[in-house]
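Trainee: here is a sequence with its predicted model. Questions after.
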Amino acid sequence: MTTQTLTQTPARSTAASSVQPQAQRNVPEGTEVRGFALYVGLSEDKIGAGDPKLGAIVAQIKQLVAQLAPAAETYAAVALAPAGSGGRDVDVVRLALGDPAAIARQKREETEDEDRAGGVTIDLSRKRVLLDSVPAPLTYREFELLQYFVLREGRTVSREELIEALWADAPAEEKPNERTIDVHVRRLRVKLAHYQDIVRTVRGIGYRFDRHADVAILQTSTPSPDLF
């Protein structure tokens, strides 16, 4: 959803008349339609400096619903997730707000991934890695390192960034240098065994997570409160 669709303009007053009627879907016998849910994936870091803030966007959407259907009752809930949890925003929203279809899909994927004969399963919610269904003996720091790469899939991470992000709270004398980072990555790769190439070296820059077809990532979500 873009800012353009949310910003009120003179044409907005004709929104109700311009909406075309849609054929109603068949519903199971004994049930009735009582409303709908619209999941919007939009993390705050994707809102431009001159764009409306999240609260303003929600307010305008609710105003539009009131214009289209004055009898409608609305409420909005913000979806929270652990910082840096990654994944598509809309998928995180669906899980955090308890969408039954999203929850069922996640459970099905977890079961399939745990029962699979081979491959890598990176479980961010349980903080574990399975290699061919066998848990990899990663230390806390090694998992944090791998998770940092995974959540930035497709982007090369420099050694300096790793130091600042993962050792931000460490005393100056305990912070690693770039050479030490290479040692940490090398140890992580050893424990990833024959899947170690999912963490690739980008010469002269740093490291990048390289997802293969046999790599599954299980996301995590946090219960979300009603804030609007």
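Mentor: Cool, got the structure. Owing to the predicted nature of the structure, the values given are computational and were not obtained by experimental measurement.

Trainee: tell me who's in contact with the closest residue to D210 other than its chain neighbours.
Mentor: Leaving aside its chain neighbours, D210 sits nearest to R200 (4.8 Å; criterion: C-beta to C-beta, 6 or more residues apart in numbering). Heads up, the C-betas are built off the backbone N, CA and C, glycines and all. Going by C-beta atoms under 8 Å, 6 or more residues apart in numbering, R200 touches 207-210.

Trainee: next up, the contacts around the residue most central in space within the chain.
Mentor: Ranked by distance to the mean C-alpha position of the chain (C-alpha atoms, centre = their mean), the top residue is G87 at 2.9 Å. Contact analysis of G87 by C-beta under 8 Å, 6+ apart lists 217, 219.

Trainee: about what we covered before: what is the nearest of the contacts of R200 to P135?
Mentor: F209 (19.6 Å; C-beta to C-beta).

Trainee: the closest one contacts T156, doesn't it?
Mentor: No - under the criterion of C-beta atoms under 8 Å, F209 is not in contact with T156, lying 9.5 Å apart.

Trainee: looking at those two, which one has more neighbours?
Mentor: Neighbour count, other C-beta atoms under 10 Å: between F209 and T156, F209 has more, with 22 against 15.

Trainee: so what's that one closest to, chain neighbours aside?
Mentor: Closest to F209 by C-beta to C-beta, 6+ apart is F149, at 3.9 Å.

Trainee: state the phi and psi torsions of the one you found.
Mentor: The phi/psi pair for F149 (degrees, to the nearest 10) reads phi -70, psi -50.

Trainee: mind listing the helices for this protein?
Mentor: Assigned by DSSP state H, the helices in the chain fall at 3-6, 15-18, 54-68, 89-96, 100-115, 140-150, 159-166, 178-191.

Trainee: to A37, which of these lies closest?
Mentor: Closest among these, once you apply C-beta to C-beta, is helix 89-96, at 9.0 Å.

Trainee: report all helices and strands that that closest one contacts.
Mentor: In this structure, helix 89-96 makes packing contacts with helix 100-115, judged by 3 or more C-beta pairs under 8 Å, 6 or more residues apart in numbering; DSSP states H and E.
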